[in-house]
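[1] Any chance you could fold what I've pasted below:
(chains A and B)
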Number of protein chains: 2
Amino acid sequence: MRVLLVGAGGVGAAVVAIAARRAFFETMVVADYDPARAARAVAGRDARFAAATLDAGSAEAVAAACREHRITHVLNAVDPRFVMPIFEGAYAAGADYLDMAMSLSKPHPTRPYRETGVKLGDEQFAVAQRWADAGRLALCGIGVEPGLSDVFARYAADELFAEIDEIGVRDGANLTVDGYAFAPSFSIWTTIEECLNPPVIWEDGRGWFTTEPFSEPEVFHFPAGIGPVECVNVEHEEVLLIPRWVPAKRVTFKYGLGDEFIEVLKTLHKLGLSATSPVQVGGVSVSPRDVVAACLPDPATLGDRMRGKTCAGTWVRGTGLDGRPREVYLYHVVDNEWSMREYGHQAVVWQTAINPVVALELLAGGAWSGVGVLGPEALAPKPFLDLLTDYGSPWGMEER
Amino acid sequence: MRVLLVGAGGVGAAVVAIAARRAFFETMVVADYDPARAARAVAGRDARFAAATLDAGSAEAVAAACREHRITHVLNAVDPRFVMPIFEGAYAAGADYLDMAMSLSKPHPTRPYRETGVKLGDEQFAVAQRWADAGRLALCGIGVEPGLSDVFARYAADELFAEIDEIGVRDGANLTVDGYAFAPSFSIWTTIEECLNPPVIWEDGRGWFTTEPFSEPEVFHFPAGIGPVECVNVEHEEVLLIPRWVPAKRVTFKYGLGDEFIEVLKTLHKLGLSATSPVQVGGVSVSPRDVVAACLPDPATLGDRMRGKTCAGTWVRGTGLDGRPREVYLYHVVDNEWSMREYGHQAVVWQTAINPVVALELLAGGAWSGVGVLGPEALAPKPFLDLLTDYGSPWGMEER
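    Down below sits the predicted model:
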């Protein structure tokens, strides 16, 4: 297996740190638009790693890099604006493809908070037959959420339930950053984007539909001492992926933003500060959202000051194999102190990065295989969960 | 009486509209740094009004304008950054002076939320003797708040109470702006400034001291259908003025910002968006507070879309003249629909503007007179309140 890792940012650098401990691949070329960042990510690693410069926005450049390095698998670790050129570049070069977020959505032009427009992943699923016909695999959404959360959904359907009423991905954390009144542990730009898009829900018989942002608030109790966190509906890939392969009556994604963060996002939106189109301020023109990001510390630099745990997981309610009502939460927790000490990467990016490495190892060994455009729930969950545990990062389950 | 009105913004233009209906003055020169704005303010008015161009930041320019037009009274209607040059310019030219906000404060360098530093008006009171010796009057803080609120305090002490435990200025409104999720009815830049400065409180025996912003929240019930509004301590001139002339055990100012507005201000502060020092955003450098202001509509343009009432008033608790506990709220309400219809000016600026016009008329007629640097509570309250009623804008009182 010869991997092209596109993106040496927070997640990309953590992928390198995790993969470096594994033997399943022959080479990993780490490509970034910033040569220094790519070089930093591979510095001190073994000879299987190499740095390269790449414009992720050019499918031709991605294909050329694949051909140059005889790449078998492209792992996309840049932001979702670049999904399509990387996906197309991998296809053009005959490589398999993995990502952690799918092609972007566009709201319904007239009923944005009731009906879906272009959905997350639509552009990729539109060409699924072409990938299948070519015998190539695009494994989409194989980070932690989407990713591990989808594997949990499939595991619940295969091993725990006779019938499923609802699958609800629930994400929560108790991370704090010392010395800052307010410091998001992930990109505020991206968080605004995903939280202000119309959240999507799937129901059997109705299909996909959307709601107002921050809809259906609920307090979800997270394990490992995180405790209760206010969660709201957010647009996320799982809702688009899970119903394609896992039978359930309803699929939702709720993000444990907490009331403080929700209030901040609502306020930014209300004041027009979430907008990306520039406003005129004195003699200059500037995007309000960029100003917000510039006023906050860069989350990638905060690992040393962060404290607490982050939890990703899938809550499932339905009828158990014994015919009785059952409700479980399958989850994965990372303690920031542990991930910083063990890998030098903060919990949120580390938790995202481990999953595509596990997936690559399963594909390398043949435990996972397939063609077309697939979600993680299209493949057998047990090998994935077992290998995750083998990596030293076990998952858990709570009966509720 | 020959008046120089400095500033033809929202309040200045409303001063012109109100004064135009009164006969007490010989001329009113309306001066602004923007000649077009000054010309607009006097367009269609009678021959007593003239427009002029003036740099309010230059005491020399203010004095020269006074001499050129043989000015007897300077009315300052620009923002408080310009108090000192206008105040000094009037003195240099031998004119009396009126303003609606006093010279600015500076927080205590080491204990900003416990002790006062430079207080509002300190720079003006420092030269009070000079004004008195020259036989000139500087009547400071004669808008609505400070202004009418101070007159109410003196009225309560003179006519209603044997002893006063607390004088609390309380300001609240139920104004909404059609078509906007969030649209302040006054400058967000100034509101951030006054709300994030340490609020000041006066207590007998302790003197002036400061607290954290937004301290001592209380729900105050406003009259005229406005109802309950969440109020918090805010730095305001009344707390510096009232104790100099009116005996009370405690003086406070609370602003009825409402929980939504308080949340917005806290969030802007938490995210660093209230800051005035520039941040680097891509290739440009910009002040976050200016970006916030640029994202919101200009309050001066919103009169036609505003609905509701604004209330300014003074709540007093103590021992009545009959020796029994007494609690009253003296207040003045303006309905935006009425002020737009009658004067073409929105309620908040109109309510500010009427008070200095009433004061000028009392000074012109001799009902008010004095020398030195005085607050409104240094002068007899009844003539003021009677003339305000005569202007068609009566005040009210609630026993509580």
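
[2] The spatially closest residue to A:Gly94 that is not a sequence neighbour - how many residues pack around it?
    Using CB to CB, 6 or more residues apart in numbering or on different chains and skipping the chain neighbours, the partner closest in space to A:Gly94 is A:Arg136 (6.9 Å). For every residue, glycine as well, the C-beta is placed using N, CA and C. By other CB atoms under 10 Å in any protein chain shown, the residues close to A:Arg136 number 18.

[3] show me what contacts A:Arg136?
    A:Tyr91, A:Gly94, A:Ala95, A:Asp96, A:Tyr97, A:Val371 (CB atoms under 8 Å, 6 or more residues apart in numbering or on different chains).

[4] Doesn't the first one belong to a helix?
    Yes - according to DSSP: H, G, I helix; E, B strand; the rest coil, A:Tyr91 belongs to a helix.

[5] where's the worst-scoring helix or strand of chain A on mean pLDDT relative to the chain centroid, distance-wise?
    Least confident helix or strand of chain A, by mean pLDDT, DSSP states H and E, is helix A:188-196 with a mean of 85. Centroid separation for helix A:188-196 versus its chain: 14 Å, with CA atoms, centre = their mean, to the nearest Å.

[6] For that helix, which outside residues touch it?
    By CB under 8 Å, 6+ apart, helix A:188-196 touches A:79, A:184, A:213-214, A:234-236, A:255, A:257, A:265, A:268-269, A:274, A:289-290, A:292-293, A:296.

[7] The next helix-or-strand element following it - contacts with which helices or strands?
    Next along the chain after helix A:188-196, taking DSSP states H and E as the criterion, comes strand A:200-203. Applying 3 or more CB pairs under 8 Å, 6 or more residues apart in numbering or on different chains; DSSP states H and E, we find strand A:200-203 packed against strand A:207-210, helix A:237-245, strand A:250-255.

[8] Please render those as TSV that adds mean neighbour count to the earlier fields.
    Shown next, in TSV, are those (neighbours: other CB atoms under 10 Å in any protein chain shown):
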stretch	mean neighbour count
strand A:207-210	17
helix A:237-245	24
strand A:250-255	24
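
[9] Thought A:Ile226 was touching A:Gly172, still the case?
    Yes - using CB atoms under 8 Å, A:Gly172 makes contact with A:Ile226 at a distance of 5.8 Å.

[10] And the two? Which one has more around it.
    A:Gly172 (27 against 20).

[11] so what's the more buried one closest to, chain neighbours aside?
    Nearest non-adjacent residue to A:Gly172 (CB to CB, 6+ apart): A:Gly256, at 2.9 Å.

[12] Got the phi and psi for the closest residue to A:Val42 other than its chain neighbours?
    Among residues not flanking A:Val42 along the chain, A:Phe49 sits closest, at 4.2 Å (CB to CB, 6+ apart). According to degrees, to the nearest 10, the main-chain angles of A:Phe49 amount to phi -90, psi 140.

[13] wait, what's in contact with A:Phe49?
    A:Phe49 sits in contact with A:Val16, A:Ala20, A:Thr27, A:Met28, A:Val29, A:Val30, A:Val42, where contact means CB under 8 Å, 6+ apart.

[14] which pair in the residues you listed spans the largest distance?
    A:Ala20 and A:Val29 (14.0 Å; CB to CB).

[15] more crowded one of the two?
    Of the pair A:Ala20 and A:Val29, A:Val29 is the one with more neighbours under other CB under 10 Å, namely 24 against 16.

[16] Give me the pLDDT for A:Pro146.
    pLDDT for A:Pro146: 97.

[17] From A:Ala224, how far off is it?
    Note on A:Pro146: its distance to A:Ala224, by CB to CB, to the nearest Å, is 21 Å.

[18] Looking only at neighbour counts, state which of those two leads.
    Legend: neighbour count by other CB under 10 Å for A:Pro146 and A:Ala224, higher for A:Pro146 (32 against 15).

[19] Tell me if I'm right that that one and A:Pro376 touch.
    Yes - if you go by CB under 8 Å, A:Pro146 and A:Pro376 touch, sitting 7.1 Å apart.

[20] Quick check: neighbours shared by those two?
    Common neighbours of A:Pro146 and A:Pro376 (CB under 8 Å, 6+ apart) are A:Leu241.

[21] related to what we said a few turns ago, overlap in contacts, A:Gly172 and A:Ile226.
    A:Cys311.

[22] Tell me who's in contact with the closest residue to A:Ala56 other than its chain neighbours.
    Among residues not flanking A:Ala56 along the chain, A:Phe82 sits closest, at 4.3 Å (CB to CB, 6+ apart). By CB under 8 Å, 6+ apart, the contact set of A:Phe82 is A:Val6, A:Ala56, A:Gly57, A:Asn76.

[23] would the third one count as being in a helix?
    No - remark: A:Gly57 does not belong to a helix; assigned using three-state DSSP, it is coil.

[24] Around the nearest residue to it once chain neighbours are set aside, how many other residues sit close by?
    Excluding its sequence neighbours, the residue lying closest to A:Gly57 (CB to CB, 6+ apart) is A:Pro85, at 5.4 Å. A total of 21 residues lie near A:Pro85 under the criterion other CB under 10 Å.

[25] Touching, A:Pro85 and A:Ser58? I think so.
    Yes - A:Pro85 is in contact with A:Ser58 according to CB under 8 Å; the separation is 5.9 Å.

[26] where along chain A do the helices fall?
    Ranges of helices in chain A, per DSSP state H, are A:10-19, A:35-42, A:59-68, A:83-92, A:122-125, A:128-133, A:148-155, A:188-196, A:237-245, A:258-270, A:288-295, A:336-343, A:347-365, A:381-390.

[27] I'd like those laid out as a markdown table, including distance to B:Val127.
    Below are the helices of chain A laid out as a markdown table (distance: least, CB to CB, whole Å):
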| stretch | distance to B:Val127 |
| --- | --- |
| helix A:10-19 | 59 |
| helix A:35-42 | 60 |
| helix A:59-68 | 71 |
| helix A:83-92 | 68 |
| helix A:122-125 | 71 |
| helix A:128-133 | 81 |
| helix A:148-155 | 70 |
| helix A:188-196 | 49 |
| helix A:237-245 | 68 |
| helix A:258-270 | 43 |
| helix A:288-295 | 40 |
| helix A:336-343 | 58 |
| helix A:347-365 | 59 |
| helix A:381-390 | 75 |
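
[28] which one of the ones you listed is the most hemmed in?
    Ranked by mean neighbour count, the helices of chain A are led by helix A:148-155 with a mean of 29 (mean count of other CB atoms under 10 Å in any protein chain shown).

[29] what does that one rub up against?
    By CB under 8 Å, 6+ apart, helix A:148-155 touches A:141, A:167, A:169, A:171, A:238, A:241-242, A:245-246, A:248, A:312-314, A:316, A:330-332, A:355, A:375-379, A:381-382, A:384-385, A:388, A:395.

[30] Hmm, B:Lys270 and A:Val292 touching each other?
    No - look at A:Val292 against B:Lys270 with CB under 8 Å: they stay out of range, at 11.6 Å.

[31] A:Ser339: what's it in contact with?
    Counted by CB under 8 Å, 6+ apart, A:Ser339 has contacts A:His345, A:Gln346, A:Ala347, A:Trp350, A:Gln351.

[32] Including pLDDT, could the residues you listed go into TSV?
    Formatted as TSV, those follow (pLDDT from 0 to 100):
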residue	pLDDT
A:His345	92
A:Gln346	91
A:Ala347	93
A:Trp350	95
A:Gln351	96
